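Chemist: whatever this is, show me its structure:
(one chain, ligands or ions: 2)
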Amino acid sequence: MADVLLNNVWKRFDDGTVAVKDVSFELKDGSFLVIVGPSGCGKTTTLRMIAGLEMITEGTISIGGCVVNSVHPKDRDIAMVFQNYALYPHMTVRGNLEFALKMRKTPKEERKRRVAEATRMLKLNGLLDRKPKQLSGGQRQRVALGRAIVREPRVFLFDEPLSNLDAKLRTQTRAELQRLHHELKATSIYVTHDQVEAMTMADMIVVMNEGEVQQIAPPMELYERPANRFVAGFIGTVGMNFFEGLVLKENGTHRFVEQGTGVALTLPLGENFSDRMGTARLIGIRPEHFVISDQSDQCSFPVTVKVVETLGSQTLIHFPSGNGLSIASIYPDHQPLCGETIWLRVLPERVHFFETDGLRIETTTAIV
Ligand SMILES: Nc1ncnc2c1ncn2[C@@H]1O[C@H](COP(=O)(O)OP(=O)(O)O)[C@@H](O)[C@H]1O
Ligand SMILES: [Mg+2]
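Modeler: Ligands and ions are numbered 1, 2, ... in the order given. A predicted model of the protein is given here:
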């Protein structure tokens with residue numbers, strides 16, 4: 001096991017595409033880091049540079065304290081698990097598990113021990129003599145994991161390993177991977193476009209967009225204090241709603257007045273907000289931070305219900321704001337009807353403020 005350190009890493013492909021821009025992060029020995037971001041943001045390229053499958057244009061990558069920029073992939077002591085399992089179709093499960101060990105001339109007794117250990121961890125007993133085509137998708141993915149585990153590498157790299165599984169199996173395998181990580185305590189870097197995977201599995205998350213790091217933080221910090229509008233919108237199962245407006249001074253007090261979308265939303269602001277007055281043009285409110293209210297509350301506003309989605313544990317209310325719809329997630333004990341006008345209250349301590357350029361404005365007690 002080992003620490004991994006990326007220092008100002010760039011990747012420029014021959015055709016001029018700059019896929020990774022000045023990426024730096026550190027991963028402590030034994031921790032589980034997730035790189036998350038939309039398709040094409042440079043996740044795979046970053047992982048392939050760590051594995052040594054892609055040259056680094058600029059910057060350094062260190063593993064266990066040594067710069068590995070020019071170390072051959074096979075000498076980096078890393079195991080990578082891909083989305084498309086990449087099992088050998090003509091070999092049995094046992095053959096697939098043993099292959100890398102045989103190539104490395106690992107003694108037979110040691111090979112047996114490691115295969116037995118991986119078989120136990122991944123519950124592959126009874127499958128060892130089957131060929132990949134005789135396995136389900138979930139079983140194949142477990143064999144692919146097993147092939148990485150038997151190598152006992154210093155670092156595990158995972159590139160969207162659950163993407164080919166159906167939703168239920170994905171959830172199960174996610175939990176399985178967490179359990180394995182607790183058992184193995186292996187330094188792991190896991191790449192995904194799925195923010196739920198990132199939130200549920202990571203000790204630390206690196207959010208990327210267009211080749212650049214947007215924020216590095218533990219899961220709850222990303223959720224509670226997103227560094228910018230991109231992270232705010234990306235993290236969260238139902239995305240954050242954004243409202244444009246102006247900070248105005250009326251009768252001696254500051255108010256944020258919604259202007260962009262025509263929602264009658266006005267929020268009274270606290271004292272310490274005044275020094276940033278005029279810079280806030282955008283607020284963000286997560287769907288789960290609205291509650292059903294009435295006219296009497298100064299943080300409430302009326303909306304017309306356009307769509308009602310009943311999920312059982314919660315009900316999603318879509319209401320018009322500007323050219324689109326915003327979403328409030330409310331307790332299911334209240335089921336409004338389409339076309340009805342309801343009052344929503346904003347939980348004031350949960351409102352996020354952003355500068356015009358999208359950067360977060362830190363406001364501890366922004367709203368009175
Ligand atoms: N071999 C290559 N040559 C040129 N551009 C590439 C190559 N591989 C990837 N890219 C580009 O680099 C960017 C990042 O790709 P990738 O790392 O695969 O993204 P992700 O894994 O986040 O979806 C994309 O714009 C992609 O088209
Ligand atoms: Mg990728």
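Chemist: and the strands in the stretch 201-350 of the chain, which stretches?
Modeler: 204-209, 212-217, 241-250, 253-258, 266-268, 280-285, 290-293, 300-304, 307-310, 315-321, 324-330, 341-346 (DSSP state E, counting those that start in this stretch).
Chemist: get me the contact residues on this structure for ligand 1.
Modeler: Among all residues of the chain, those adjacent to ligand 1 (criterion: C-beta under 6 Å from any ligand atom) are Phe13, Asp15, Thr17, Ala19, Gly37, Ser39, Gly40, Cys41, Gly42, Lys43, Thr44, Thr45. Placement of C-beta: from N, CA and C, glycine included.
Chemist: okay, the strands of the stretch 201-350 of the chain in JSON lines with distance to Asn164 and mean pLDDT next?
Modeler: Written out in JSON lines, the entries for the strands of the stretch 201-350 of the chain read as follows (distance: least, C-beta to C-beta, whole Å; pLDDT from 0 to 100):
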{"stretch": "strand 204-209", "distance to Asn164": "22", "mean pLDDT": "98"}
{"stretch": "strand 212-217", "distance to Asn164": "27", "mean pLDDT": "98"}
{"stretch": "strand 241-250", "distance to Asn164": "32", "mean pLDDT": "84"}
{"stretch": "strand 253-258", "distance to Asn164": "43", "mean pLDDT": "79"}
{"stretch": "strand 266-268", "distance to Asn164": "45", "mean pLDDT": "81"}
{"stretch": "strand 280-285", "distance to Asn164": "33", "mean pLDDT": "84"}
{"stretch": "strand 290-293", "distance to Asn164": "36", "mean pLDDT": "93"}
{"stretch": "strand 300-304", "distance to Asn164": "40", "mean pLDDT": "91"}
{"stretch": "strand 307-310", "distance to Asn164": "28", "mean pLDDT": "96"}
{"stretch": "strand 315-321", "distance to Asn164": "28", "mean pLDDT": "93"}
{"stretch": "strand 324-330", "distance to Asn164": "29", "mean pLDDT": "93"}
{"stretch": "strand 341-346", "distance to Asn164": "40", "mean pLDDT": "93"}
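Chemist: in CSV, list those strands along with mean neighbour count and distance to Ser31.
Modeler: Rendered in CSV, the data for these read as follows (neighbours: other C-beta atoms under 10 Å; distance: least, C-beta to C-beta, whole Å):
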stretch, mean neighbour count, distance to Ser31
strand 204-209, 22, 7
strand 212-217, 19, 12
strand 241-250, 17, 33
strand 253-258, 18, 39
strand 266-268, 19, 39
strand 280-285, 21, 29
strand 290-293, 19, 35
strand 300-304, 18, 43
strand 307-310, 12, 37
strand 315-321, 20, 35
strand 324-330, 19, 32
strand 341-346, 18, 36
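Chemist: turn the ones you listed into a markdown table, including distance to Glu160.
Modeler: Formatted as a markdown table, the entries for the strands of the stretch 201-350 of the chain read as follows, by distance: least, C-beta to C-beta, whole Å:
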| stretch | distance to Glu160 |
| --- | --- |
| strand 204-209 | 14 |
| strand 212-217 | 19 |
| strand 241-250 | 28 |
| strand 253-258 | 38 |
| strand 266-268 | 40 |
| strand 280-285 | 28 |
| strand 290-293 | 33 |
| strand 300-304 | 37 |
| strand 307-310 | 28 |
| strand 315-321 | 27 |
| strand 324-330 | 27 |
| strand 341-346 | 36 |
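Chemist: just checking, Thr173 touches Ser163?
Modeler: No - taking C-beta atoms under 8 Å as the definition, Thr173 is not a contact partner of Ser163, at 10.9 Å.
Chemist: mind checking the SS state of Arg151?
Modeler: coil (DSSP: H, G, I helix; E, B strand; the rest coil).
Chemist: may I ask you to name the longest helix in the chain?
Modeler: With secondary structure taken from DSSP state H, the chain has its longest helix at helix 167-184.
Chemist: nearest to Cys66, out of the strands of the stretch 201-350 of the chain?
Modeler: Nearest to Cys66, of all the strands of the stretch 201-350 of the chain, is strand 204-209, at 21.8 Å by C-beta to C-beta.
Chemist: packing partners of the closest one?
Modeler: Counting contacts by 3 or more C-beta pairs under 8 Å, 6 or more residues apart in numbering; DSSP states H and E, strand 204-209 packs against strand 18-27, strand 32-36, strand 212-217, helix 219-224, helix 229-234.
Chemist: kindly recompute the last result at 7 Å.
Modeler: Here strand 204-209 touches strand 32-36, strand 212-217, helix 219-224, helix 229-234, going by 3 or more C-beta pairs under 7 Å, 6 or more residues apart in numbering; DSSP states H and E.
Chemist: related to what we said a few turns ago, neighbour-wise, which of Thr173 and Ser163 wins?
Modeler: The residue with more neighbours, out of Thr173 and Ser163 and counting by other C-beta atoms under 10 Å, is Thr173; that gives 19 against 15.
Chemist: the more buried one contacts Leu162, correct?
Modeler: Yes - assessed by C-beta atoms under 7 Å, Thr173 is found in contact with Leu162 at 5.5 Å.
Chemist: can you tell me which of the residues of the chain next to ligand 1 are in helices?
Modeler: Members of those lying in helices (criterion: DSSP H): Lys43, Thr44, Thr45.
Chemist: which of the residues you listed has the largest number of neighbours?
Modeler: The member of these that has the most neighbours, counting by other C-beta under 10 Å, is Lys43 with 26 neighbours.
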